[in-house]
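1. Got a sequence here, can you build the structure:
(2 chains)
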Protein chains: 2
Amino acid sequence: MTHALTQGALEIIPMATVEEAFQRAKVFPQGSVILGGEMRNKRISGFDLGNSPREYVSEKVNGKRLILTTTNGTKAFHLVSSGREIFVGSFLNIGAVARRCLELDRDLLIFPSGDEGNFSLEDTICGGMLIDLIAKGEKQSISLTDASCCAQILYQRFENKLLEAFHLSHHGKGLIRQGFEDDLLYCAQIDIIDMVPDFKNGVIRPEEGKQ
Amino acid sequence: MTHALTQGALEIIPMATVEEAFQRAKVFPQGSVILGGEMRNKRISGFDLGNSPREYVSEKVNGKRLILTTTNGTKAFHLVSSGREIFVGSFLNIGAVARRCLELDRDLLIFPSGDEGNFSLEDTICGGMLIDLIAKGEKQSISLTDASCCAQILYQRFENKLLEAFHLSHHGKGLIRQGFEDDLLYCAQIDIIDMVPDFKNGVIRPEEGKQ
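-> Residues are numbered from 1 along each chain as shown, chains lettered A, B, ... in the order given. Presented below is the predicted three-dimensional model:
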């Protein structure tokens, strides 16, 4: 999502199902909307783009509204939609997300989107890295739930060896089996994007002044 | 639970609520039954014993049937009750549990009972230690879910420093605050009991020939 916004997508509308995505696309003028996403790592018939970040290049998404359906990520937004401020994070922009969290100076819920409803190793490590950055950036000591404490420890185990974790994880193994190993290499990059998209009223938009 | 069985309790009946515990006790002859447990770390009015293992001495429980209600553990039994074989484990008997699991030679579900519905650091570490023992005892490589992989890593972080984890955890901190630090010391002991209770038809009984 963050990658697509850096390539000029105007906004991203996460939808929980394929049917809802098609319905929502009809609302906008033809040609202004791109349908993207996957279901269980497979392309969706009738969609413009799949799930590989490498497909979301400027020539395809610049100036467009992106309607996105993924197995895990888009459902996550609906689950956290009651949050006061909802940021979109990954390893790609994690330093920027930590900065925004520190600015907020409030209690945080970190929500790893998971793997088809199950615990996901790489998502939890990403959450753990965010906790680690916040703990280091915060002057006062922070208070962690047991799960957050576990995520931080998990991150510390894989610090500087993220790809090792991607190769151990259920989702990572599946992507490699299906020929998407290059996506893992892309997604294991840290801090290559300095922008924190936020989710508000059902829509993900780039951070002001950062696109 | 394991401790009470080593002190001569005939069997343990886990009940999900205090009301059910009182109802169930009425079925048996007076004097043959002991009511034990806690709710949110507090004693239950009308119960014979609380939640501290040190209360479950032979003079109190030998030859008795124990009806037990705890915030987390007893609910867990109801959630896993469809299992073919259900073992009761803790750090106290973990080597014996690993041995039984290796004998079974089947897929395993390890169910940390948690902390009032939340992820519990010490329970997950205990599950991770069981995985670690099974992985070391099994000739073939074992296949782990992402959550199991995480539990094993968590255990490796606290290997030989279990008390450090107990002091970090939400439940551990609560017990210390309420004056139960000695219980943590007791429960952090590894392999002091060589018996694996099992749960069948709603009742936990000692391993045959081991009481």
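2. What pLDDT does the model give the most far-flung residue of chain A relative to its centre?
-> Residue farthest from the centre of chain A, counting by Cα atoms, centre = their mean, is A:Q140 at 28.3 Å. Note on A:Q140: pLDDT of 87.
3. tell me which element it falls in.
-> According to DSSP states H and E, A:Q140 maps onto no helix or strand at all.
4. contacting residues for it?
-> Listed by Cβ atoms under 8 Å, 6 or more residues apart in numbering or on different chains, the contact set of A:Q140 is empty. Every residue, glycine included, has its C-beta placed from N, CA and C.
5. Chain B versus that one, what's the distance?
-> 18 Å (Cβ to the nearest Cβ, to the nearest Å).
6. try A:I190
-> Using Cβ to the nearest Cβ, we find A:I190 at a distance of 20 Å from chain B.
7. Can you get me a residue count around that residue?
-> A:I190 is flanked by 14 other residues according to other Cβ atoms under 10 Å in any protein chain shown.
8. Looks like A:E85 contacts A:D198 (just checking).
-> Yes: A:E85 lies in contact with A:D198 (Cβ atoms under 8 Å); the separation is 6.4 Å.
9. Neighbour count: those two, which is higher?
-> A:D198 (16 against 13).
10. Surely the more buried one and A:E208 touch.
-> No: A:D198 lies out of contact with A:E208 (Cβ under 8 Å); the separation is 9.4 Å.
11. just how off-centre is stretch A:123-141 within its chain?
-> 17 Å (Cα atoms, centre = their mean, to the nearest Å).
12. same deal with stretch A:108-128?
-> Worked out by Cα atoms, centre = their mean, stretch A:108-128 lies 10 Å from the chain centre.
13. show me what contacts A:E138?
-> Per Cβ under 8 Å, 6+ apart, neighbours of A:E138: A:L102.
14. now swap in the one 3 residues further on and tell me
-> Not one residue lies near A:S141 by Cβ under 8 Å, 6+ apart.
15. got the phi/psi numbers for it?
-> phi -70, psi 150 (degrees, to the nearest 10).
16. can you give me the helices in chain A?
-> In chain A, the helices defined using DSSP state H lie at A:2-6, A:18-25, A:58-61, A:73-79, A:94-104, A:121-137, A:146-158, A:162-168, A:170-177, A:181-187.
17. which residues are in contact with the fifth one?
-> The one in question is helix A:94-104. Here helix A:94-104 makes contact (Cβ under 8 Å, 6+ apart) with A:85, A:87, A:89, A:108, A:126, A:129-130, A:133-134, A:137-138, A:190-191, A:193-196, A:207.
18. ok, the residue farthest from the centre of chain A to A:L108 distance?
-> 14 Å (Cβ to Cβ, to the nearest Å).
19. cool, A:V88 as well?
-> Distance, A:V88 to A:L108, using Cβ to Cβ: 14 Å.
20. of those two, who's got more company?
-> Ranked by neighbour count (other Cβ under 10 Å), A:V88 and A:L108 place A:V88 first, with 23 against 17.
21. Spell out which residues of chain A are next to chain B.
-> Applying Cβ under 8 Å from any Cβ of the partner chain, one finds that chain A approaches chain B through A:115, A:118-121, A:124, A:145-147, A:149-150, A:153-154, A:156-157, A:168-171.
22. Now list the buried members of the residues you listed.
-> Buried members of the residues of chain A next to chain B, scored by 16 or more other Cβ atoms under 10 Å in any protein chain shown, are A:115, A:119-121, A:124, A:145-147, A:149-150, A:153-154, A:157, A:168-171.
23. Name the helix or strand of chain A that has the lowest mean pLDDT.
-> Every helix and strand in chain A was compared by mean pLDDT, DSSP states H and E; the lowest is helix A:73-79, with a mean of 82.
24. who does that one touch, helix- and strand-wise?
-> strand A:11-14 (3 or more Cβ pairs under 8 Å, 6 or more residues apart in numbering or on different chains; DSSP states H and E).
25. Show me which residues of the strand it packs on are buried.
-> Using 16+ other Cβ under 10 Å as the test for burial, strand A:11-14 gives A:12-14.
26. can you check stretch A:159-172 too?
-> Buried residues in stretch A:159-172 (16+ other Cβ under 10 Å): A:162, A:165-166, A:168-172.
27. Let me know the closest of the residues you listed to A:T74.
-> The shortest gap between A:T74 and any of the buried residues of stretch A:159-172 belongs to A:H171, at 15.6 Å (Cβ to Cβ).
28. shouldn't that closest one be in contact with A:T124?
-> No: in this structure, A:H171 is not within contact of A:T124 by Cβ under 8 Å, at 11.6 Å.
29. any residues in contact with both of these two?
-> Contacts common to A:H171 and A:T124, judged by Cβ under 8 Å, 6+ apart, are B:D146.
30. and the closest residue to A:T6 other than its chain neighbours, what is it in contact with?
-> Excluding its sequence neighbours, the residue lying closest to A:T6 (Cβ to Cβ, 6 or more residues apart in numbering or on different chains) is A:I193, at 5.6 Å. Counting by Cβ under 8 Å, 6+ apart, A:I193 makes contact with A:2-3, A:6, A:92-93, A:96.
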